[in-house]
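**Q** coordinates only, sequence not included:
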């Protein structure tokens, strides 16, 4: 029995996600389908779909490692649907990823050893006719379902040697050892997840003495839990995906700080600063 | 193993949908349950529930053909719950539909050959006692689950010869061959799905020369994909359910045009017009 | 095959719920996972998480009785995550409940015979390392999945003799026999579910003559169905969980009355009053 996960910007009000599930179950009746998110932001004229692709890439990155080996992850965040952008599937030792070739697998490329990539061109594994606007239904769902049935990846199309990726947001280190990162995701609780990772912090630094700066506010010390500070107060901690996270205890840091994805975050280690 | 789909206006915040799933799994433990939508709009004093019934009918119509034969589709959009309106189940060669008799199966009636309809009156297949306000839990979910177990439709109640249907919104053709349709659904992306279908367009018409008019705006040409026009621009295309659809590339046509369900849409074929 | 239900305040936009499902399926591949709600309100500085705990307790209470015996119900509404609050599992003849020890099982304690409670301390059944902020992934999901596989509850940690509970909201009866209750939940339709239950109403009282008072409005008579009164009118009925419920036919009582959880509701039986 195979697991197929779905990450889309389709929302849950229309029948789009249900339609994809119907297609999958028609091909692979025993597949277990799991929703990751269908609330990836849709394209806007300001971002031309870039924001959704990045959010989907991040969401997938924090989620797929927790699924059993061999899980098939389908991502349909696809502002270029119907254009020349390619539909692809990519296999690593951990999982198979089925997605448009638009950068949505950028984190996967960095973290995983890629064993095989194909361009999903074999019409035998598409619904027929293929619409110009809903490849989730006509190409991606059938591809995932056929893979779940055990069809080899190579059957689905021609091999590819490279795909599109965007550079992952990585913090910079200034000469004074200040780490400069940015907000990369804001979650339902208003927590600001940053590009600074636990591994970016030198082990020897006393975290209690670190200072995090964002939007003109200073947070002294990196704590362990939300409950450690008084309700309504800003705090910084290492979150569940090992990224530095800025939160408000019992509240929303994004609302308190009026923060958004892309905002700059500084991390200074005070003990170290004093030595300069 | 049977598939049961659910379409309701219950939302996902309360436990209503979860309760229906508990009832189903208690009766048919191996059923695969798939959510179509739970965000059908609830009744308002302006529409007395009519809008939700029409949205559910449309959502079901675009979705059920993609499920395997024999799938059981449950629709609980039921402003008349507890009143004299009947609870019904209807079988076609493709699927079984379980719903209140309020018009929510209108598209199904037009598209499918109806083999059998029953009024769900047999109390043996209801939860006991039946509440006055939650037939989703007490009548519709148990009916679907018993059908999934293989109980014949005729066991669930008395045969019916007719049910309630509303006329489907169909475009009109004016003497000058302008096609006059309306917006029948607005999706998550702000796409305006209209009552004009691909089959309403004469094959010989050059789609590139067609003109679509809505809310005082003219769109010249029917394109193939969203990505074909510049970000922020209005476009018209044939969508994934073969309806004429008005969109904004990388944006929301419903926001741009301040459009709503029921708004008039005109389709004129310019080449033809010039000949008059 | 076991059923595992999930009730959280994680929302569905981030990957948190999907991650929990990945963890569960890695341990118990044949478990059937059912979402109850992921829209329990998150903590705010005003309520310090209390509101979410109470909403989750109520949602669970109205839902779990409809699941098959032996279902495992996981609740992750956990404002104290990472603090000294305990993670627990509790077994009754009907079900197993896995949750933080913060009162979220208060209704269960009153309605069920508790057979066994454990403190989830055995690290063998945690993910490793355990984060400080996402015990849904690292403690609760693995516990539920191991229970689904048949691991005895006692294996998961040390026995507990007592857990935290809050007093359930129960109506008071005044000397003049007016019943004084409160709004305990507002659902998607704006229905106000109150703490007054069907069993609180003396059987002999003529319900048609009862008067319900809320926010300065009087509702005369308790009806059977929403459809019994004209669109837009206030009504009172006994809802699907046997609580007195205040609704607007085809509309939203919460919007009409600007009501909120905690608002007082009076129930007077007119025939009785007249006799005084």
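**A** Cool, got the structure. Every value quoted in this text rests on a predicted model; they were computed, and no experiment measured them.

**Q** Quick check: residues of the stretch 101-250 of chain A near chain B?
**A** Where proximity means C-beta under 8 Å from any C-beta of the partner chain, the interface of the stretch 101-250 of chain A facing chain B comprises A:131, A:132, A:133, A:134, A:137, A:138. Any C-beta I mention is one placed from the backbone N, CA and C, and that applies to glycine too.

**Q** Excluding chain neighbours, what is closest to the third one?
**A** Take residue A:133 and drop its neighbours on the chain: the residue closest to it by C-beta to C-beta, 6 or more residues apart in numbering or on different chains is residue B:240, 5.1 Å away.

**Q** contacting residues for that neighbour?
**A** A:131, A:133, A:134, A:137, A:138 (C-beta atoms under 8 Å, 6 or more residues apart in numbering or on different chains).

**Q** Can you tell me which of the residues you listed is closest to residue B:153?
**A** Nearest to residue B:153 out of those is residue A:137 (C-beta to C-beta; 29.4 Å).

**Q** The residue in chain A that chain C sits nearest to: neighbouring residues, count only.
**A** In chain A, the residue that lies nearest chain C is residue A:225 (3.0 Å; C-beta to the nearest C-beta). Applying other C-beta atoms under 10 Å in any protein chain shown, we find 18 other residues in the vicinity of residue A:225.

**Q** ok, now which ones touch it?
**A** Residues in contact with residue A:225 (C-beta under 8 Å, 6+ apart) are A:237, C:81, C:82, C:83, C:132, C:133.

**Q** Now, those that are in helices?
**A** Judged by DSSP state H, the subset of these located in helices is empty.

**Q** Throw the residues you listed into CSV and include distance to residue B:200 and pLDDT, thanks.
**A** As requested, those are exported to CSV (distance: C-beta to C-beta, whole Å; pLDDT from 0 to 100):
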residue, distance to residue B:200, pLDDT
A:237, 59, 94
C:81, 56, 88
C:82, 60, 83
C:83, 63, 85
C:132, 60, 90
C:133, 55, 92
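
**Q** Give the buried residues for stretch A:125-144.
**A** A:125-127, A:130-144 (16 or more other C-beta atoms under 10 Å in any protein chain shown).

**Q** Quick one: end-to-end length of that stretch, please.
**A** Terminal residues of stretch A:125-144 are spaced 10 Å apart (C-alpha to C-alpha, to the nearest Å).

**Q** quick revisit: mind telling me the two of the contacts of residue A:225 farthest from one another?
**A** A:237 and C:83 (12.6 Å).

**Q** Show me which of the two is the more surrounded one.
**A** More neighbours surround residue A:237 than the other of residue A:237 and residue C:83, with 25 against 16 (other C-beta under 10 Å).

**Q** The closest residue in space to the more buried one that isn't next to it in sequence: neighbour count?
**A** Leaving aside its sequence neighbours, residue A:237 sits nearest to residue A:223 (C-beta to C-beta, 6+ apart; 5.3 Å). Neighbourhood size, residue A:223 [other C-beta under 10 Å]: 19.

**Q** Equivalent analysis for residue A:173, please.
**A** 11.

**Q** Can you give me the separation between it and residue C:142?
**A** Applying C-beta to C-beta, to the nearest Å, the value for residue A:173 to residue C:142 is 37 Å.

**Q** Likewise for residue A:112?
**A** Counting by C-beta to C-beta, the gap from residue A:112 to residue C:142 is 24 Å.

**Q** same question, residue A:111
**A** For residue A:111, the distance to residue C:142 equals 23 Å [C-beta to C-beta].

**Q** Also residue A:131?
**A** Residue A:131 is 41 Å from residue C:142, by C-beta to C-beta.

**Q** Just the closest of the contacts of residue A:225 to chain B, please.
**A** Closest approach to chain B among those (C-beta to the nearest C-beta): residue C:81, at 21.4 Å.

**Q** thought the closest one was touching residue A:226?
**A** Yes: assessed by C-beta atoms under 8 Å, residue C:81 is found in contact with residue A:226 at 6.7 Å.

**Q** The two: which has the busier surroundings?
**A** Legend: neighbour count by other C-beta under 10 Å for residue C:81 and residue A:226, higher for residue A:226 (27 against 24).

**Q** Residue numbers of the stretch 101-250 of chain A in contact with chain C?
**A** Going by C-beta under 8 Å from any C-beta, the residues of the stretch 101-250 of chain A near chain C are A:185, A:187-189, A:224-228, A:231-232, A:237-240, A:245, A:248-250.

**Q** again, only this time at 6 Å
**A** Within reach of chain C by C-beta under 6 Å from any C-beta of the partner chain, the stretch 101-250 of chain A has these residues: A:187, A:188, A:189, A:224, A:225, A:227, A:231, A:232, A:239, A:240, A:250.

**Q** Quick check: the third one is in a helix.
**A** This means residue A:189. No: judged by DSSP: H, G, I helix; E, B strand; the rest coil, residue A:189 forms no part of a helix; its state is coil.

**Q** How is the closest residue to it other than its chain neighbours assigned, secondary-structure-wise?
**A** Distances taken as C-beta to C-beta, 6+ apart place residue C:42 nearest to residue A:189, at 5.2 Å, with adjacent residues excluded. Following three-state DSSP, we place residue C:42 in the coil state.

**Q** wait, residue C:42 sits on residue C:8?
**A** No: the criterion here is C-beta atoms under 6 Å, and residue C:42 misses it with residue C:8 at 10.0 Å.

**Q** Which of the two has more residues huddled nearby?
**A** Legend: neighbour count by other C-beta under 10 Å for residue C:42 and residue C:8, higher for residue C:8 (26 against 22).

**Q** Quickly note the distance from the residue nearest to that one when sequence neighbours are not counted to residue A:250.
**A** Nearest residue to residue C:8 in three dimensions, chain neighbours excluded: residue C:76, at 4.4 Å (C-beta to C-beta, 6+ apart). As judged by C-beta to C-beta, residue C:76 and residue A:250 stand 16 Å apart.

**Q** Comparing these two, which shows the higher neighbour count?
**A** Comparing residue C:76 with residue A:250 by other C-beta under 10 Å, the one with more neighbours is residue C:76, at 28 against 23.

**Q** thought that one was touching residue C:140?
**A** Yes: Residue C:76 lies in contact with residue C:140 (C-beta under 6 Å); the separation is 5.4 Å.

**Q** so who does residue A:208 touch?
**A** Counting by C-beta atoms under 6 Å, 6 or more residues apart in numbering or on different chains, residue A:208 touches residue A:221.

**Q** that's a strand at it, yeah?
**A** No: using three-state DSSP, the assignment for residue A:208 is helix, not a strand.

**Q** ok, it to residue B:122 distance?
**A** From residue A:208 to residue B:122 the distance is 69 Å (C-beta to C-beta).

**Q** same for the helix ranked longest in chain A, what does it pack against?
**A** Scanning chain A for the helix with the most residues, using DSSP H, yields helix A:50-63. If you count contacts as 3 or more C-beta pairs under 6 Å, 6 or more residues apart in numbering or on different chains; DSSP states H and E, helix A:50-63 packs onto helix A:106-111.

**Q** The following helix or strand past the helix it packs on: which residues count as buried?
**A** Using DSSP states H and E, the helix or strand that directly follows helix A:106-111 along the chain is strand A:116-119. By neighbour count on 16+ other C-beta under 10 Å, the buried set for strand A:116-119 is A:117, A:118, A:119.

**Q** So what touches strand A:116-119?
**A** A:86, A:88, A:89, A:90, A:91, A:153, A:156, A:157, A:158, A:159, A:160.

**Q** residues making contact with the next helix or strand after that strand?
**A** Per DSSP H and E, the first helix or strand lying C-terminal to strand A:116-119 is helix A:135. Applying C-beta under 6 Å, 6+ apart, the contact partners of helix A:135 are residue A:81.

**Q** tell me the mean pLDDT over helix A:135?
**A** If you average the pLDDT over helix A:135, you get 97.

**Q** Check stretch A:109-121 too.
**A** Stretch A:109-121 carries an average pLDDT of 96.
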